[in-house]
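1. Dropping the sequence and predicted coords here.
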Amino acid sequence: MHRVLLIEDDPVTRDRVAGLVRAADGLELAAALGDLRSTFAWLAGHEPPRVALVDLQLPDGSGIDVIRQLRRLSPQTESMVISVFGDEAHVVAAIEAGATGYLLKDAGADEIGPAIHRLIAGESPISSAIARHLLRRFQPPPSPPPAGAAAAADAPHLTPREREVLQLIAKGLAYQRIAETLGMSPHTVTTHIKQIYRKLEVNSRGEAVFEALQLGLLPPAAP
Amino acid sequence: MTLAVRRGLVVAAALLLALLPWAGERAAQPAAAWLLAEARFGETVDDAGQSRRALPHRWAGDCAACRTVWYRFDITLADLPRDAQAVYLAAAADNAAIYLNGRLLAQGGRFSDPVARLGTRALWAATPPSLWAAGPNRIDVLAKADPPSRGFVGTLAVGPESELVGAWRLHEFLGQTLPQWLAMAAVILALAMVLVWFQRRSEPAYALLAGVALAQALQAGLGLVAEPPLRAWDAGLVLCAWVAAAAGFALATRLVGATLPPAAGPAALLAGAAAAVAAAWRPDWAGVLACAPALLAAATGARLLRHGWPAGEARLLVPGVALLLLPLADLGRWLGDPGALPLQPYAAGVFLFAAAWVLLLRFVETLNAVELLNIDLEALVQARTAELHRQFDRVRELEHRQTVAAERERLMRDMHDGVGGHLVSLLAMIEADRRRPADLAAAVREALDDMRLMIDSLEPVDDDLNAVLAMWRDRMAPRLRGAGVMLHWEVELLPSVPGLTPARVLHVLRMLQEAVSNAMRHGRARTLWIRAAAAGGVRIEVRDDGCGFDPVAVEGGRGLKNLRRRAAEIGAALAIDSRPGCGTTVSLELALDGS
């Protein structure tokens, strides 16, 4: 049984999603919480869950903080954003914090269980809109970056393969077609996607460190 | 110090400057003890001694037609002089020669016509004691003038060389060297002014000053020629004086800010030329003809003084005083001692340099004013630039507001078509209290889906129709899966479709949505094929295996009407192919030229 932690501020939605998780095979609802404070309190006193379903807009802050905290506490925990629209602005911000998937809040009973199981199996969902966003995000700078951008330059880049995968996803090709086109197994496609998610997270951390250095918040590393 | 006092001091300084040589000349007079102020006058050397005359002597009064005359001085020495003795004739016109006891001591040049001019040159001879005799000695002075009317002989000084040499040197300096220097300086000034004028043709003041200076220098140069090649040499002097006076008058007119009629220049030149011709024809008129320019100069000076004194430019006083002195300076030579040094070169020099000084000051003031103006102009340009930026910002702000307003209007329309409609039907269901939760849920889902399509349509797609189709599929695949409908996605990579704005994207998304929900709702389809391929334009096809319908019979259906309206709005060709029992194919053809 995989323990699932649910954080959602709207009680009706929370009850609905909690019910769907309880009903799903192989999943166990560890807790259903409504704000940051109680979540951090719960995390302090319990074993981390296998999967966390996190709403981003909470009354006392952003669910991004929960995702980030979970990445620190328990790297094997998978975080999923639950969002009304699954729009790339929310989802990409969550991926940068360490989330590996997203769920729509109105997902039906037959969708939530399988989606969580696919995530545990290492398969991250990705829409064409998010793929396009990631392609723009990882676009190499048009000219060599000026001095001082070393941290940004050290940030991970997409491999040509990963870029091809994203391009085909952005074009709306099914995983099967992508695998055929690129001569790989469908499983490899999902591995690539997870890999890209991790790079986005690392990349955003690199940018954060670089910005902190720029602002003088961190001492520069000794040469 | 009041203004009047200050101006008075300026005038006094100018007077002193111009009269300095006059004072100098007083110092250049030999001591009275050595002057011989009386001589015996005769028309030939033989009858010299008949009548005694005081010196300086204009001989025209005694003999109006005599071109040559003789003066005799008798000097009786008790003993032979021990030192060298000097014989010094400070002034005579036109030419003179000095003999001591029949021996020629000194002469001013040629005596044949045209006769040489002594001008301001003095005759000087230092004699060894051996030329003198104890007892009576005789000094004869031969003088020649052409015309005779201006002939005169000044006082003769005889004495030890050491006593007289200082006076002679000072006389030479004031009468020859200094005027030469002034003439040279005038030439240089004229060249400088001509150069300035070449750069600034619009300001004739520089050219006029150059003209005055050149005429002045030329007049001085002509006057210094010892042996003129022509009898009519004075005509040149007259012409120069006229040109200098006329140009000076024009210059002063400009300095006081007035203008002359355009004919004034040629008229003045013509008058000058006429005067010169007259002087050439009747050399004895030359003196009178030279009076007119002197009077003109005085008038010019008076004009400068009148303009400079009460409230105008004080610096105009100096050239004004100098010009006033011009005729006055030589009045003494007409009325009194004809051998006095001419002051004209000095007064003219003071005028030239004072006028140049005024021009220079005005030039510098103009430069300064231009610099200030430039600073003002820069500030003005900056202000204008800032204003332009503000206007640009305002325009941009307005454009932005218009864009927002247009977008808002579009969103409102789209929401009215979509979410609004869904919510209204939802409300109708709830009010009818049919209590069919599944229908309610479906209606809410449709509303949510429509909102998601709207959000997706705002995504920049860079004219990529594949991306648009993929967005629809990402949204709708879970729904179709949940409804148990099989989706065959047969979309090829498509060329880019120009002009895929959010509005057009939303139309495409909604048409797909409409076609698919028609297939599911009315046709109860179990399988869907969505195809897209490039074929001239781009062809999108939605085919289902539902029960189909008779297009003619359901022409007025709301779903079909919506499809047609949207196709028309994006300029796409719509075809609906259906027969009862054989499924339905909705196909949409988009042109690639962006129309």
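-> In hand now; what should we look at?
2. helices and strands of chain A: which one bottoms out on pLDDT?
-> Here the helix or strand of chain A ranked lowest by mean pLDDT, DSSP states H and E is helix A:150-154, holding a mean of 47.
3. and after that helix, which helix or strand comes next?
-> With elements assigned by DSSP states H and E, the helix or strand that comes after helix A:150-154 is helix A:160-170.
4. do that next one and chain B meet at all?
-> Yes - with Cβ under 8 Å from any Cβ of the partner chain as the criterion, chain B is reached by helix A:160-170 at A:Ile169, A:Ala170. Glycine gets a C-beta too; all of them are placed from N, C-alpha and C.
5. just how off-centre is that helix within its chain?
-> Chain-centre distance of helix A:160-170: 18 Å, with Cα atoms, centre = their mean, to the nearest Å.
6. Quick one: residues in contact with that helix.
-> A:126, A:128, A:131-132, A:134-135, A:138, A:158, A:177-178, A:181-182, A:189, A:192-193, A:195-196, A:199, B:464, B:466-467, B:470 (Cβ atoms under 8 Å, 6 or more residues apart in numbering or on different chains).
7. Check the model's average confidence along that helix for me.
-> The average pLDDT within helix A:160-170 is 87.
8. just stretch B:243-257 next, same as before
-> 89.
9. Give the buried residues for it.
-> Residues of stretch B:243-257 classed as buried by neighbour count (16 or more other Cβ atoms under 10 Å in any protein chain shown): B:243-256.
10. Give me the helices and strands touching the one helix or strand B:Leu214 maps to, please.
-> Using DSSP H and E, B:Leu214 falls within helix B:204-223. Applying 3 or more Cβ pairs under 8 Å, 6 or more residues apart in numbering or on different chains; DSSP states H and E, we find helix B:204-223 packed against helix B:178-199, helix B:233-255, helix B:344-415.
11. Next, the angle helix B:204-223 makes with the longest one.
-> For helix B:344-415 against helix B:204-223, the angle by axes from the mean of the first three to the mean of the last three Cα atoms, to 10 degrees is 160 degrees.
12. avg pLDDT for the following helix or strand past helix B:344-415?
-> Per DSSP H and E, the first helix or strand lying C-terminal to helix B:344-415 is helix B:421-432. Averaging pLDDT along helix B:421-432 yields 74.
13. again with stretch B:449-466
-> The pLDDT scores in stretch B:449-466 average 83.
14. buried stuff in that stretch?
-> Here stretch B:449-466 shows B:449-457, B:459, B:461, B:463-466 as buried, counting by 16+ other Cβ under 10 Å.
15. Kindly report the same for stretch B:170-185.
-> Neighbour-count burial for stretch B:170-185, counted by 16+ other Cβ under 10 Å, picks out B:His171, B:Glu172, B:Leu174, B:Gly175, B:Gln176, B:Leu178, B:Pro179, B:Leu182, B:Ala183.
16. where's the residue lying closest to the fourth one once chain neighbours are set aside, which helix or strand?
-> By the measure of Cβ to Cβ, 6 or more residues apart in numbering or on different chains, the closest residue to B:Gly175 outside its immediate chain neighbours is B:Thr120, 3.3 Å from it. For B:Thr120, there is no host helix or strand (DSSP H and E).
17. how far away is B:Thr120 from chain A?
-> 83 Å (Cβ to the nearest Cβ, to the nearest Å).
18. Test my guess that that residue contacts B:Thr177.
-> No - if you go by Cβ atoms under 8 Å, B:Thr120 and B:Thr177 don't touch, sitting 10.2 Å apart.
19. burial count for B:Leu222?
-> Look at B:Leu222: counted by other Cβ atoms under 10 Å in any protein chain shown, it has 17 neighbours.
20. Quick check: it touching B:Cys240?
-> Yes - with contacts defined as Cβ under 8 Å, B:Leu222 counts as touching B:Cys240 at a distance of 6.6 Å.
21. next one: phi and psi at the closest residue to chain B within chain A?
-> Proximity of chain A to chain B (Cβ to the nearest Cβ) peaks at A:Gly172, 2.4 Å away. Torsion angles at A:Gly172 (phi, psi; degrees, to the nearest 10) stand at phi 90, psi 20.
22. repeat for B:Ser202
-> Per degrees, to the nearest 10, the backbone of B:Ser202 is at phi -70, psi -10.
23. B:Ala143 now?
-> Per-residue torsions, B:Ala143: phi -130, psi 150 (degrees, to the nearest 10).
24. Give me the nearest residue to it, chain neighbours excluded.
-> The spatially closest residue to B:Ala143, leaving aside those adjacent along the chain, is B:Ala96, at 4.6 Å (Cβ to Cβ, 6+ apart).
25. pLDDT at B:Phe111, what is it?
-> Reading off the confidence values, B:Phe111 has pLDDT 90.
26. picking up where we left off before, surely the residue nearest to B:Ala143 is in contact with B:Trp124?
-> No - counting by Cβ under 8 Å, B:Ala96 sits too far from B:Trp124 to count as a contact (11.7 Å).
27. contacting residues for the residue of the stretch 451-595 of chain B found nearest chain A?
-> Per Cβ to the nearest Cβ, B:Ala470 is where the stretch 451-595 of chain B lies closest to chain A, at 2.4 Å. By Cβ under 8 Å, 6+ apart, the residues touching B:Ala470 are A:Ser127, A:Ser128, A:Ile169, A:Ala170, A:Lys171, A:Gly172, A:Leu173.
28. at 10 Å instead, please
-> By Cβ atoms under 10 Å, 6 or more residues apart in numbering or on different chains, B:Ala470 lies in contact with A:127-129, A:131-132, A:168-174, B:456, B:461, B:464, B:489, B:491.
29. For B:Asn374, the count of nearby residues, please.
-> Using other Cβ under 10 Å as the criterion, the residues surrounding B:Asn374 number 10.
30. try B:Thr366
-> With other Cβ under 10 Å as criterion, B:Thr366 counts 12.
31. Might you report the residue contacts of it?
-> Contacts of B:Thr366 by Cβ under 10 Å, 6+ apart are B:Glu203, B:Leu373.
32. ok, back up a step: for the residue of chain A closest to chain B, which non-adjacent residue is closest in space?
-> Nearest-residue entry for A:Gly172: B:Ala470, 2.4 Å, with adjacent residues in sequence omitted and distances by Cβ to Cβ, 6+ apart.
33. Let's verify the one you found: helix, strand, or coil?
-> Counting by DSSP: H, G, I helix; E, B strand; the rest coil, the backbone at B:Ala470 sits in helix.
34. what pLDDT does it get?
-> B:Ala470 is assigned a pLDDT of 89 by the prediction.
35. Can you give me the distance of it to B:Asp83?
-> According to Cβ to Cβ, to the nearest Å, B:Ala470 and B:Asp83 sit 131 Å apart.
36. measure the residue nearest to B:Ala143 to chain A for me?
-> Distance from B:Ala96 to chain A, by Cβ to the nearest Cβ: 95 Å.
37. Please report phi then psi for that residue.
-> According to degrees, to the nearest 10, B:Ala96 has phi -150, psi 160.
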